[in-house]
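Asker: Can you look at this prediction? I've put the sequence above it.
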Amino acid sequence: MTAATDAGVRLSRPAVGLPTPPERIVHLGLGAFHRAHQAWYTAHASDAAEWGIVAFTGRSRDLVDRLTPQDAVYTLVERAADGDRFEFIPSIVRVEAGDDVPAFVAAVADPQVAILTLTITEAGYRLAAGGSPDREDALVASDVDLLHSALTGASVGDAILTARPATALGRVLLALDARRRAGAGPIALVPCDNLPDNGGLVQRALTGLAGRISPDLTEWLAASVSVVSTSIDRITPAIDTDAESQAVLEATGWLDAAPVVTEPFSDWVLSGEFPAGRPDWESAGVRFVDEIATWENRKLWMLNGAHTVLAAFGQTRGHTVVSTAIDDPVCRVLVEGLWDDDARQLPEFHLADYRAALLERFRNPRIEHRLAQIAQDSTTKMRLRIVPVAIGELEAGRDGSGCAAAIAAWMLGVRAGTAPLPDGIDAAAVAEFEASDRHTLLNALDPRLAADVGLTAHVADALAALETS
Ligand SMILES: NC(=O)c1ccc[n+]([C@@H]2O[C@H](COP(=O)([O-])OP(=O)(O)OC[C@H]3O[C@@H](n4cnc5c(N)ncnc54)[C@H](O)[C@@H]3O)[C@@H](O)[C@H]2O)c1
Ligand SMILES: O=P(O)(O)OC[C@@H](O)[C@@H](O)[C@H](O)[C@H](O)CO
């Protein structure tokens with residue numbers, strides 16, 4: 001064991017009796033979710049001993065300081081409604097700070113490494129509407145300039161070591177170019193954030209940026225980087241780390257400075273190639289499919305869409321966490337109505353069991369999933385998770401009333417300040433909540449919805465009903 005303290009004993013790899021697997025996966029954006037999901041699946045694969053993860057944080061070095069003294073081993077607490085289950089996860093073998101760009105570049109350029117996974121949050125991709133890199137974004141623009149001069153200038157070798165792109169995708173491009181120059185071979189890139197077509201989106205973003213940086217890199221990306229699309233699912237809330245460390249100590253006798261709390265359920269669907277190999281993730285329950293869109297839609301529309309609406313509206317009714325909001329009959333009817341519309345747009349699935357399981361997961365009273373944590377950036381989330389279903393319903397000749405009610409609920413959140421105002425709209429513009437205000441907000445979600453007389457009427461009716469409920 002590496003260190004003993006007054007409070008207990010720190011975890012370490014020798015203490016759990018495990019050898020260190022070789023570093024073959026690099027992760028960027030270490031947080032709770034990567035440790036509850038991709039690291040857990042890797043630890044449960046039949047060939048786990050062959051696959052170690054080097055994990056880079058996103059913006060803070062807090063997890064480096066917590067995990068390094070315990071050899072990056074941590075406790076995963078699976079929190080079921082009826083009790084906790086504790087497991088030590090050994091698949092992460094090294095933790096580094098996200099701003100240590102040279103270490104990240106060296107890790108990705110290592111020929112042993114076959115996979116780069118990302119959890120950098122949706123906002124971390126810095127994409128404009130439509131999924132291309134946001135050219136108006138000052139950090140994206142300065143990374144493009146910096147990488148262009150670093151990778152096409154006279155002394156590229158030095159420039160690769162000293163360049164410090166600020167954005168996550170800028171760092172990924174720098175590291176991929178170092179891999180190209182090292183002749184380290186092809187690699188799979190696996191974005192694990194809640195974005196529809198996350199693989200396609202990252203592929204287009206990287207190709208778009210590389211096109212403004214270096215033709216050699218652009219060509220190599222097309223030939224040697226396989227961007228895999230994923231649907232990722234495991235509810236993993238932010239926690240009070242000190243309190244959970246204490247609980248882990250009491251239950252296991254280990255003092256863990258960085259435990260993770262998650263639900264028992266987990267799901268991972270992937271689509272794409274792994275040209276340099278991958279863990280036997282199927283043995284841990286992962287599904288590989290040729291066509292991922294419907295799997296992604298089911299998860300993003302139903303789970304994340306319901307979360308987005310509950311976060312905006314549930315807080316207006318005094319709820320702070322998902323589990324009490326979903327037990328509020330008004331919220332519950334709203335979510336069921338949304339799921340009815342979703343189900344009509346997902347005819348390939350028989351959804352009764354999925355809906356029942358989702359309800360049970362949302363109702364887990366021991367998972368403290370805070371609505372305020374989920375409510376960020378809700379305009380974009382409404383556009384991605386509710387609007388496509390509403391449009392699909394209108395195009396099918398139906399009324400989209402479940403989506404209309406969800407949109408009305410979001411509007412009440414915007415008015416109450418529990419959901420952010422859409423960009424470019426100030427509070428005064430929607431203060432009265434007259435028909436023109438509703439039109440302004442609907443238009444901010446999608447002009448096609450604002451132009452639909454039937455849907456607009458359903459939104460107005462739902463607003464009136466929700467306001468008096
Ligand atoms: N927590 C879940 O239940 C869950 C489930 C499915 C998918 N996800 C996806 O995983 C992401 C991370 O969730 P988490 O629970 O690990 O959150 P977290 O807050 O524990 O960790 C987020 C990580 O992303 C980094 N990050 C944040 N903003 C960034 C930016 N602009 N650029 C680069 N890195 C950035 C942070 O520094 C941190 O390393 C979510 O945003 C979501 O897309 C989470
Ligand atoms: O910020 P969001 O809306 O993408 O996600 C918040 C939660 O809905 C999300 O983290 C879920 O818990 C997760 O997607 C479950 O797999």
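Answerer: On my side now, so go ahead. Ligands and ions are numbered 1, 2, ... in the order given.

Asker: Can you report how many residues lie near the residue of the stretch 351-469 of the chain found nearest ligand 2?
Answerer: As assessed by C-beta to the nearest ligand atom, ligand 2 sits closest to residue 374 within the stretch 351-469 of the chain, at 4.4 Å. Glycine gets a C-beta too; all of them are placed from N, C-alpha and C. Counted by other C-beta atoms under 10 Å, the residues lying close to residue 374 total 21.

Asker: give me every residue that touches the closest residue to it other than its chain neighbours.
Answerer: Distance criterion C-beta to C-beta, 6 or more residues apart in numbering; nearest residue to residue 374, sequence neighbours excluded, is residue 311 at 4.0 Å. Residues near residue 311 by C-beta atoms under 8 Å, 6 or more residues apart in numbering: 371, 372, 374, 375, 378, 413, 418, 419.

Asker: among the residues you listed, which ones are buried?
Answerer: 371, 374, 375, 378, 413, 418, 419 (16 or more other C-beta atoms under 10 Å).

Asker: Might one say that the fourth one is in contact with residue 421?
Answerer: The reference is to residue 378. No - if you go by C-beta atoms under 8 Å, residue 378 and residue 421 don't touch, sitting 10.1 Å apart.

Asker: returning to that earlier point: between the buried ones among the contacts of residue 311, which is nearest residue 396?
Answerer: Set against residue 396, the nearest of those by C-beta to C-beta is residue 378 (25.8 Å).

Asker: And the pLDDT for that closest one?
Answerer: On pLDDT, residue 378 comes in at 92.

Asker: Distance check, it against ligand 1.
Answerer: 13 Å (C-beta to the nearest ligand atom, to the nearest Å).

Asker: give me the number of residues near residue 287?
Answerer: Neighbours of residue 287 (other C-beta under 10 Å): 14.

Asker: May I have the beta-bridge partners of the closest residue in space to it that isn't next to it in sequence?
Answerer: Using C-beta to C-beta, 6+ apart and skipping the chain neighbours, the partner closest in space to residue 287 is residue 269 (4.8 Å). Taking DSSP bridges, one finds residue 231, residue 287 as the beta-bridge partners of residue 269.

Asker: Surely residue 269 touches residue 292?
Answerer: Yes - using C-beta under 8 Å, residue 269 is in contact with residue 292, at 6.1 Å.

Asker: Now list whatever residues contact both of the two.
Answerer: Joint contacts of residue 269 and residue 292 (C-beta under 8 Å, 6+ apart) are 230, 231.

Asker: Those two: who's more crowded?
Answerer: residue 292 (23 against 19).

Asker: can you tell me which residues contact that one?
Answerer: 199, 229, 230, 231, 269, 270, 271.

Asker: Ok, residue 435 next?
Answerer: Applying C-beta under 8 Å, 6+ apart, the residues contacting residue 435 are residue 460.

Asker: Just the CA trace of the helix or strand containing residue 382, in CSV.
Answerer: Residue 382 belongs to helix 378-385 when elements are defined using DSSP states H and E. The C-alpha trace of helix 378-385 is given here as CSV (Å, rounded to 0.1, in the frame of the first residue of the first chain):
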residue,chain,number,x,y,z
SER,A,378,-30.9,24.1,-22.7
THR,A,379,-31.8,26.0,-25.9
THR,A,380,-29.3,24.0,-27.9
LYS,A,381,-30.5,20.8,-26.1
MET,A,382,-34.1,21.6,-27.0
ARG,A,383,-33.1,22.1,-30.6
LEU,A,384,-31.3,18.8,-30.7
ARG,A,385,-33.7,16.6,-28.6
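
Asker: Can you list the helices and strands that whichever helix or strand comes after it packs against?
Answerer: Counting by DSSP H and E, the element after helix 378-385 in chain order, helix or strand, is helix 387-395. Under the contact criterion of 3 or more C-beta pairs under 8 Å, 6 or more residues apart in numbering; DSSP states H and E, helix 387-395 touches helix 329-345, helix 401-416, helix 447-450, helix 453-467.

Asker: can you do 10 Å?
Answerer: Helices and strands touching helix 387-395, by 3 or more C-beta pairs under 10 Å, 6 or more residues apart in numbering; DSSP states H and E, are helix 293-297, helix 305-309, helix 329-345, helix 401-416, helix 435-445, helix 447-450, helix 453-467.

Asker: So which of these is nearest ligand 1?
Answerer: Closest among the helices and strands packed on helix 387-395, using C-beta to the nearest ligand atom: helix 305-309, at 9.3 Å.

Asker: List the buried residues for stretch 445-455?
Answerer: In stretch 445-455, counting by 16+ other C-beta under 10 Å, buried: 445, 446, 449, 450, 452, 455.

Asker: Same check on stretch 68-78?
Answerer: 70, 71, 72, 73, 74, 75, 76, 77, 78.

Asker: Do you know the pLDDT at the residue in the chain sticking out farthest from the centre?
Answerer: Most distant from the centre of the chain: residue 154, at 38.5 Å, with distances by C-alpha atoms, centre = their mean. According to the prediction, residue 154 has pLDDT 76.

Asker: quick one: secondary structure of it?
Answerer: coil (DSSP: H, G, I helix; E, B strand; the rest coil).

Asker: residues in the stretch 51-200 of the chain within reach of ligand 1, list them.
Answerer: Within the stretch 51-200 of the chain, the positions adjacent to ligand 1 are 57-60, 119-124, 168, 193-194 by C-beta under 6 Å from any ligand atom.

Asker: nearest to ligand 2, of the residues you listed?
Answerer: Nearest to ligand 2 out of these is residue 194 (C-beta to the nearest ligand atom; 3.8 Å).

Asker: residues near the closest one, how many?
Answerer: Neighbour count for residue 194, taken as other C-beta under 10 Å: 22.

Asker: how about it, what does it touch?
Answerer: With contact set as C-beta atoms under 10 Å, 6 or more residues apart in numbering, residue 194 has these partners: 33, 119, 121-122, 231-233, 296, 299-300, 303-304, 307, 381, 384-385.

Asker: Quick one: name the residues of the stretch 301-450 of the chain near ligand 2.
Answerer: Residues of the stretch 301-450 of the chain lying near ligand 2 by C-beta under 6 Å from any ligand atom: 303, 304, 307, 308, 374, 381.

Asker: quick one: contacts for the closest residue to the last one other than its chain neighbours?
Answerer: It stands for residue 381. Residue nearest to residue 381 in three dimensions, not counting chain neighbours: residue 308, with 4.4 Å by C-beta to C-beta, 6+ apart. Counting by C-beta under 10 Å, 6+ apart, residue 308 touches 300, 338, 374-375, 377-382, 384-386, 406, 409-410, 413, 419.
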